[in-house]
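Colleague: Kindly generate the corresponding structure for this input.
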Amino acid sequence: MKRIIFNFCFVWLAVSAFAGSKVVEMRNYGLVPDTHENLSAKLQKALQDIKSQVALGDKVTLLFESGRYDFHPEGAAVREYYISNHDQDNPKTVGFPLEDWKGLTVDGQGADFIFHGRMLPLSLLRSEDCILRNFSIDFETPHITQVKVLKSGEEGITFEFNLEEELKAALSGMDELREQEEAEQSASLDPEPETASEKEIAFEEKTKRLVYRTSDLWCPMEGVKEVSPRVYHAPQWKDARLIPGTVVALRTYYRPAPGIFLSNDKDTRLQNVKVHYAEGMGLLAQLCENITLDEFSVCLRGDKDPRYFTTQADATHFSSCRGKIDSRNGLYEGMMDDAINVHGTYLKIKQRLDDHTVIARYMHPQAYGFEWGVNGDEVQFVRSATMELTGGKNRVKEILPNDKDTVKGAKEYRITFAEPLDAEITDKEGFGIENLSWCPEVYFADNVIRNNRARGTLFSTPLKNGSRA
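Modeller: Sure thing, here's the model as predicted:
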């Protein structure tokens, strides 16, 4: 009994010492910087205790001190998240699981959050009027490995791993890749086998720009031999464009989790937040309304950073959001895809049951399991072969998961529409359904995009877009 009273008093003091503004000093929960200890369990306990002491409507600031904080999978939260455009390999191990908050601010004051293993660093779900600011996200050992070309010629390429840890990570990654390929083939989830293959990106040593006209590289490792510690020779890898000094990032298309995951949030602001590495997107937002990015960056750790890459995929990605996306004053570099990608998620009509009702399905293996729409949403129909609109707009009268008891994990929906469907819209020809109620307006300005694979900006929304990079 005394222990229970003591714990309650500790929590009350930690939260209420600054009751006027509800500022919580995370040091009071043992979250002290620069100790290099695993703080995952302490963070989970702190979030639970603070949440239990906050009254409905209170605004709370979680205040960290500047410095390094380490988080490992052991002691972290475990969640079942279906994240758009990522691999649905549930469950996810989550560092900061921020769920069902209103008026929350996480202020790192320059904190450097370092993650280990395979984790989703931070999630914010079903929350409103929240702010994330003044911190960075990185991993101790990225899942992308980089090597430097030492010799290149007809006899093959000799290359060097930067660190022993990167060599170990590369060998481990190759084993994981084989397991992933086997799992995808057995489940028939991957219509294009090459998407599970390892593809490399080459950077110029001094400028960190991509080597001109190299695109995705295939680096055959048959017959590879160790020459000396961390140095290997690949006799089948031949490419005259890869001169000595070239840095090559060894990567796969595997993307289990973004650096920051936003879902079903309203009025979210990220200010002075940096993602230095993530195995998926830097930031992925789905089903959110009104997001502001001010000095949000996916970037290296400055000019002296030995790395040449940042994220495995897009820097920022917005799937089925609405309201306004406002992104300014950011730096996006070294990512393996776009700086920003904004789009909706289509369902394909698989069966027309009657003039008002269809069975429709998510078709992409990385996009399912989250809510597609709700009653009352406005939709339109798109002919897949030509991208032409067909049949005019309609509204959802009722939408229910068809292959699951709940929306979570569902791939298929039974949808009843308010108005009769056009006779042309059948399951005999490919038709997609676009949800017009979940399309955002976008403003993207005063951002720097450089040294990245693929494109710069993609805006697939019928609403107003403004872009000035």
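Colleague: List the contacts of the closest residue to Tyr212 other than its chain neighbours.
Modeller: Nearest residue to Tyr212 in three dimensions, chain neighbours excluded: Arg241, at 7.8 Å (C-beta to C-beta, 6 or more residues apart in numbering). Backbone N, C-alpha and C define where each C-beta goes, glycine included. By C-beta atoms under 8 Å, 6 or more residues apart in numbering, Arg241 lies in contact with Ala202, Val211, Tyr212, Arg213, Thr214.
Colleague: Just the buried residues out of those, in PyMOL syntax.
Modeller: Buried members of the contacts of Arg241, identified by 16 or more other C-beta atoms under 10 Å, are gathered into one PyMOL selection as follows:
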select buried, resi 202+211+214
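Colleague: If Glu388 is in a bridge, with which residues?
Modeller: Applying DSSP bridges to Glu388 gives these bridge partners: Arg383.
Colleague: Quick check: it vs Gly430, distance?
Modeller: In this structure, Glu388 and Gly430 are separated by 12 Å, where distance is defined by C-beta to C-beta, to the nearest Å.
Colleague: Please apply the same query to Lys148.
Modeller: 47 Å.
Colleague: ok, Val224 - how many residues close by?
Modeller: 17 (other C-beta atoms under 10 Å).
Colleague: what do you get for the one 10 residues further on?
Modeller: As a burial measure, the neighbour count of Ala234 was computed by other C-beta under 10 Å and equals 18.
Colleague: Restricted to helices, list the contacts of Arg241.
Modeller: Applying DSSP state H to those, no entry is found in helices.
Colleague: would you turn the contacts of Arg241 into a markdown table with distance to Phe159 and pLDDT?
Modeller: Listed next are the contacts of Arg241 as a markdown table, based on distance: C-beta to C-beta, whole Å; pLDDT from 0 to 100:
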| residue | distance to Phe159 | pLDDT |
| --- | --- | --- |
| Ala202 | 11 | 97 |
| Val211 | 14 | 96 |
| Tyr212 | 20 | 94 |
| Arg213 | 20 | 91 |
| Thr214 | 15 | 92 |
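Colleague: Let me have the contacts of Arg241 in CSV, extended by distance to Leu47.
Modeller: Formatted as CSV, those follow (distance: C-beta to C-beta, whole Å):
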residue, distance to Leu47
Ala202, 42
Val211, 44
Tyr212, 48
Arg213, 48
Thr214, 44
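Colleague: Tell me which of Lys148 and Gly430 has more neighbours.
Modeller: It is Lys148, of Lys148 and Gly430, that has more neighbours when counted by other C-beta under 10 Å, with 18 against 14.
Colleague: in what helix or strand does that one lie?
Modeller: Here Lys148 is covered by strand 145-153, with elements defined by DSSP states H and E.
Colleague: what residues does that strand touch?
Modeller: 157-162, 166-167, 169-170, 173, 205, 231, 238-240, 242-250, 307-309.
Colleague: buried stuff in it?
Modeller: Buried residues in strand 145-153 (16+ other C-beta under 10 Å): Thr145, Gln146, Val147, Lys148, Val149, Leu150, Ser152.
Colleague: Tell me how far the fourth one lies from Asp305.
Modeller: Between Lys148 and Asp305 the computed distance is 15 Å (C-beta to C-beta).
Colleague: same deal with the third one?
Modeller: The span separating Val147 from Asp305 equals 16 Å under the rule C-beta to C-beta.
Colleague: cool, and Ala234?
Modeller: 26 Å.
Colleague: swap in Tyr212?
Modeller: Distance of Tyr212 to Asp305, given as C-beta to C-beta: 22 Å.
Colleague: coming back round to it: quick check: which element contains the residue nearest to Tyr212?
Modeller: When the helices and strands are read off by DSSP H and E, none of them contains Arg241.
Colleague: per-residue pLDDT, it?
Modeller: Per-residue confidence for Arg241 comes out at a pLDDT of 96.
Colleague: going on from the lowest-mean-pLDDT helix or strand in the chain, what's the next piece of helix or strand?
Modeller: Of all the helices and strands that make up the chain, the one with the lowest confidence by mean pLDDT, DSSP states H and E is helix 2-16; it has a mean of 46. Secondary structure here is assigned by DSSP H and E; on that basis, the next helix or strand after helix 2-16 toward the C-terminus is strand 23-25.
Colleague: Just checking the distance from that next one to the centre of its chain.
Modeller: 28 Å (C-alpha atoms, centre = their mean, to the nearest Å).
Colleague: neighbours of the residue lying closest to Leu43 once chain neighbours are set aside, just the number please.
Modeller: Distance criterion C-beta to C-beta, 6+ apart; nearest residue to Leu43, sequence neighbours excluded, is Leu31 at 6.3 Å. Here the number of neighbours of Leu31 (other C-beta under 10 Å) works out to 19.
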